[in-house]
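Q: below: sequence and its predicted model.
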Amino acid sequence: MTCPHCGASAPEGAIYCPVCGAVIAALPPAPARPAIPPEAESRAGGILARGIVSLVFCEIPILGIILAAIANGKASRFLRAWPGVGGRARVGAILSKVALIVSIAVTSLYGLIFLLGFLGIYGDPHSKTVPETTGAGVALSAAIRAVLSGSV
């Protein structure tokens, strides 16, 4: 093969001239993307619906984590199987990830509130006197209420 610009010889099948860098041959065509079947498009709507449902229920402890984890797993598997499907499936995957994070945070907060309430009612088992522990639990509960109400 000979370069039409500089006349240098180039190996057969070369796309660029090794001397001047000019284009010798046309670039090979890009591989065609596989056609997305209609059932994949309809399943993408299901992924979006799962993401929305998991976001709606994310404020319910434990249940929100379960729903968001299921939606996140299904969205991940779907997007690995059909990487060309965008839009609704990707939005559903993002919503399920956000719902999972929020669900974990809400469940942790409820656990903390439960623990503080338990300490306020039953006291600290390591304390010598009940009034000291009850007072500490009440003080912690009041502090959390103040932080959540924004008065601090």
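A: Perfect, thanks for sending it.

Q: the lengthiest helix in the chain: which residues count as buried?
A: Assignment by DSSP state H gives helix 88-122 as the longest helix of the chain. Buried residues in helix 88-122, counting neighbours by 16 or more other C-beta atoms under 10 Å, are found at 88-93, 95-100, 102-104, 106-107, 116, 119-120. Placement of C-beta: from N, CA and C, glycine included.

Q: measure residue 13 to residue 143 for me?
A: 74 Å (C-beta to C-beta, to the nearest Å).

Q: make that residue 115, sorry
A: 14 Å.

Q: what of residue 41?
A: Taking C-beta to C-beta, one finds residue 41 at 52 Å from residue 143.

Q: thinking again about what came up before, other SSEs contacting the longest helix of the chain?
A: Contact here means 3 or more C-beta pairs under 8 Å, 6 or more residues apart in numbering; DSSP states H and E; on that basis helix 88-122 packs against helix 38-56, helix 63-81, helix 130-149.

Q: format those helices as JSON lines; extra columns: distance to residue 19, mean neighbour count and mean pLDDT.
A: Below are these laid out as JSON lines (distance: least, C-beta to C-beta, whole Å; neighbours: other C-beta atoms under 10 Å; pLDDT from 0 to 100):
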{"stretch": "helix 38-56", "distance to residue 19": "48", "mean neighbour count": "18", "mean pLDDT": "84"}
{"stretch": "helix 63-81", "distance to residue 19": "44", "mean neighbour count": "18", "mean pLDDT": "89"}
{"stretch": "helix 130-149", "distance to residue 19": "72", "mean neighbour count": "13", "mean pLDDT": "72"}
